[in-house]
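Participant: the following comprises the amino acid sequence and a computationally predicted model.
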Amino acid sequence: DTGVSQDPRHKITKRGQNVTFRCDPISEHNRLYWYRQTLGQGPEFLTYFQNEAQLEKSRLLSDRFSAERPKGSFSTLEIQRTEQGDSAMYLCASSSSTGTLHQPQHFGDGTRLSIL
Amino acid sequence: QKEVEQNSGPLSVPEGAIASLNCTYSDRGSQSFFWYRQYSGKSPELIMSIYSNGDKEDGRFTAQLNKASQYVSLLIRDSQPSDSATYLCAVKRYTGNQFYFGTGTSLTVIP
């Protein structure tokens, strides 16, 4: 079990640029989640995949955000035309849908995005 | 009304004392409850999960769930300075697969 891996760990970019983050979940986990977290707040749900299907997406999520999980393994989160308010920690988590109904999520180390 | 509410603290306890962290949730259909610990600048780390009413103990940690009152708590016995962190409560509903997080309670254990 190598844990959830996220890349890059830090990203600094200018406003208006596009950024893409990658998440590799725990290998046997078929569920993958993206969250955004700002200082003093809990993780805010962005979107959720089961295998390659994107099953839930936050209504608060701007259309500048898009996520994919093409083969049901790793996932990418892209933010287009970044804005100052996008500065945050972007967390990926994975869980399993097998076994007990109460499978917890396990988080990666996150990608910290700073918009200049 | 927020899905999950926590007292943001900060909560300070002396080393060796019991720290008590509380969380309430709004959806009676919630089925799974989790406590995560998050050190500054790090990602959340799962501490405990609880699904049934009552207490669940794991080492120095005890999670308590009361579905009728819609609250879940975490007790940390023999608190250590290394327990100083933000503790996040997360709730999963019966329907859907989304997890809802509180804003976290900041705990400081004073040596």
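Facilitator: Everything's here; your move. Since the model is a prediction, treat every value here as computed from it, not as a measurement. Numbers count the residues shown, from 1 in each chain, chains lettered A, B, ... in the order given.
Participant: ok, residue B:91 - contacts?
Facilitator: B:3, B:4, B:23, B:25, B:27, B:30, B:32, B:33, B:34, B:72, B:99, B:100 (Cβ atoms under 8 Å, 6 or more residues apart in numbering or on different chains). Backbone N, C-alpha and C define where each C-beta goes, glycine included.
Participant: what about whatever residue of chain A ends up closest to chain B, distance to residue B:4?
Facilitator: Closest to chain B within chain A is residue A:42: 3.5 Å, counting by Cβ to the nearest Cβ. Plainly put, residue A:42 is 8 Å away from residue B:4 if you go by Cβ to Cβ, to the nearest Å.
Participant: what is in contact with these two at once?
Facilitator: The contact sets of residue A:42 and residue B:4 overlap at B:90, B:101, B:102 (Cβ under 8 Å, 6+ apart).
Participant: take those residues and keep only those in strands.
Facilitator: B:90, B:101 (DSSP state E).
Participant: pick the one among the shared contacts of residue A:42 and residue B:4 closest to chain A.
Facilitator: Relative to chain A, the closest of those is residue B:101; by Cβ to the nearest Cβ it sits at 3.5 Å.
Participant: return the residues in contact with the spatially closest residue to that closest one that is not a sequence neighbour.
Facilitator: Using Cβ to Cβ, 6 or more residues apart in numbering or on different chains and skipping the chain neighbours, the partner closest in space to residue B:101 is residue A:42 (3.5 Å). Each residue near residue A:42 by Cβ under 8 Å, 6+ apart is listed here: B:4, B:88, B:90, B:101, B:102, B:103, B:104.
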